[in-house]
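Q: pasting the sequence and the predicted coordinates here, then a few questions.
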Amino acid sequence: MMHDLHALHARLMVSIWPIMRPGGGNWQEMKDRGFLLGNQATYNAFDEAARALYWQQANAGLFAHGIDAWWCDCTEPFEADWNGAVKPEPEERLRINTEEARRYLDPEFINAYSLVHSQGIYAGQRAVTEEKRVLNLTRSAYMGQQRYGAITWSGDIAATWETLHKQIAEGLNFCVTGSPYWTVDVGAFFVKNRPDLWFWNGDYEGGVDDLGYRELFVRWFQYATFLPMLRAHGADTPRELWRFGDAGEPMYDTLVKFLRLRYRLMPYIYSLSGWITHHDYTMLRLLAFDFRSDPNTYDIRDQFMFGPALLVSPVTQPMHYTAGSTPVAHADKTRSVYLPAGSEWWNFWSDERLAGGQTITAAADLETLPLFVRAGSIVPMVAPMQYVDEQADAVVELHIYPGRDGRFQLYEDAGDGYDYEHGAFSTIDMAWQEASGQLTIGQRSGSFPGMATRRQFRLVLHGQRQRPHRQEGDAHPLINYEGDQLVVEG
């Protein structure tokens, strides 16, 4: 099966839990060696030997057969508040869960379970091979967990517009702590409502057949296009894009548009990931990170920077349908956007140039997520692909947004494996000089096996120096780059 999936250029992530049901072979082995906690279900991840056995079982049953990534779910294994029709108050939830967990763990260690569980997966896989990077999507986190190839998502959330709005601030607050990899369940995990369970409280009984849910999903997908990981997952209803309409219909077409944009931005996103590893960067950024001199940014909770260039302003209210496919009458299809002071801004969709330090009313119809580019940015993009390494030598478009001097470092490596830890990667520094209208592409630094020795760049200068609405096939300056410094007149 894994051979067939890989032949289709697909990768498989498998969900595994630290909790085992009595009677299975893995459980029996853990029990016989005294590696289960007092509930006789959860393995003791704080014990190095227990972690080694857990990895041995995961390797023999899964990794040795070619799976690609881990989904370490339920890494907060003692949750006793997920029952009943009424949601407990936060203090009561804390008491309930702490009391449950302390039956099996010293309270000092409760929150760190996810850290050591991730450590065991990471250490085990790296001991087996250096050719495949560890990728672990896990539901909980602790300080420093990112060093184990871990990405955290926000858990089993419910499909409401209020939840979508809160997710933006939640992700920003998470990344403020220094943990750089964050994601969500696009469309939420719980879509429907069960009155007997407080947490199963989505607004859409019709699931994907409800036009109201389709609109919510589209807006969630637009937001997640600009997260470190883009993923759709959950219960109650299908989430494949073709479930949301046919080609030519607005909701389906919008999902395809943003999926393709995600692939187009891959050189930009992968470079940001390289910065995280080599320079302790954070790609999901509070506005206050980059605009500290502008106090108006300090409490903005529903806008953010995605890397140094892109200002993202998700839409978090319905404009077309509410639950039950009920049309929204006379909706204002705009949203208020604050453009931070200290820079000019470009509308990503229209190439309109705007001053910073002002609040504007931005178009926000279904097909449009208000998206702005900081002046002085260099944004590398490629043509959409069916999978990320379909064209290793694809032409890279360098989108230049004038208005101030700017820089970007393009990062590349083999795409998998750990040779980059030993210097097997390359960087190309790029600089835009506003006064002279020159783009300097510096000499390539470093190399890695399989690196394209010759790269083509297509230059796209935004603004008055070019037609703002170029079509596919329009001529752009195309230059051949073989690792030597180039200076291109604007």
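A: Thanks, I have the structure now.
Q: the closest residue to Met451 other than its chain neighbours and Arg335, how far apart?
A: Leaving aside its sequence neighbours, Met451 sits nearest to Ser426 (Cβ to Cβ, 6 or more residues apart in numbering; 6.1 Å). To be clear about C-beta, it is placed using only N, CA and C from the backbone, and glycine gets the same treatment. Distance, Ser426 to Arg335, using Cβ to Cβ, to the nearest Å: 40 Å.
Q: domain map for the protein?
A: Per automatic domain parsing, the domain ranges recorded for the chain read 2-283, 288-374, 377-489.
Q: mean pLDDT and mean neighbour count for those - can I get that in JSON lines?
A: Shown next, in JSON lines, are these (pLDDT from 0 to 100; neighbours: other Cβ atoms under 10 Å):
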{"stretch": "domain 2-283", "mean pLDDT": "96", "mean neighbour count": "18"}
{"stretch": "domain 288-374", "mean pLDDT": "97", "mean neighbour count": "18"}
{"stretch": "domain 377-489", "mean pLDDT": "89", "mean neighbour count": "16"}
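Q: the nearest residue to Ile441 once chain neighbours are set aside: what's it in contact with?
A: Distances taken as Cβ to Cβ, 6+ apart put Leu486 closest to Ile441, at 4.5 Å, once the chain neighbours are dropped. Residues in contact with Leu486, defined by Cβ atoms under 8 Å, 6 or more residues apart in numbering, are Thr440, Ile441, Ile479.
Q: give the bridge partners for the second one, please.
A: Right, the one you point to is Ile441. Met430, Leu486 (DSSP bridges).
Q: quick one: contacts for it?
A: Ile428, Met430, Phe457, Ile479, Tyr481, Gln485, Leu486, Val487, Val488.
Q: quick check: it vs Val379, distance?
A: Counting by Cβ to Cβ, the gap from Ile441 to Val379 is 14 Å.
Q: what does the last one give?
A: Counting by Cβ to Cβ, the gap between Ile479 and Val379 amounts to 17 Å.
Q: same check on Arg133?
A: 25 Å.
Q: would you map the strands across the stretch 351-490 of the chain?
A: 353-354, 358-363, 371-374, 377-381, 396-401, 406-412, 426-433, 438-441, 455-461, 478-481, 486-489 (DSSP state E, counting those that start in this stretch).
Q: which of the ones you listed sits closest to Phe306?
A: With Cβ to Cβ as the criterion, Phe306 lies closest to strand 371-374 of these, at 9.1 Å.
Q: which residues of the stretch 101-250 of the chain fall in strands?
A: Residue ranges of the strands in the stretch 101-250 of the chain, as given by DSSP E, counting those that start in this stretch, are 136-138, 150-153, 182-183.
Q: is it possible to get CSV of those that adds distance to Gly66?
A: What follows is the strands of the stretch 101-250 of the chain, written out as CSV (distance: least, Cβ to Cβ, whole Å):
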stretch, distance to Gly66
strand 136-138, 17
strand 150-153, 21
strand 182-183, 24
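Q: which of these sits closest to Lys257?
A: strand 182-183 (20.2 Å).
Q: which strands and helices sit next to the closest one?
A: Counting contacts by 3 or more Cβ pairs under 8 Å, 6 or more residues apart in numbering; DSSP states H and E, strand 182-183 is packed against strand 150-153, helix 161-176.
Q: adjacent strands (with direction) for that strand?
A: Strand 182-183 pairs in its sheet with strand 150-153 (parallel), by DSSP bridges.
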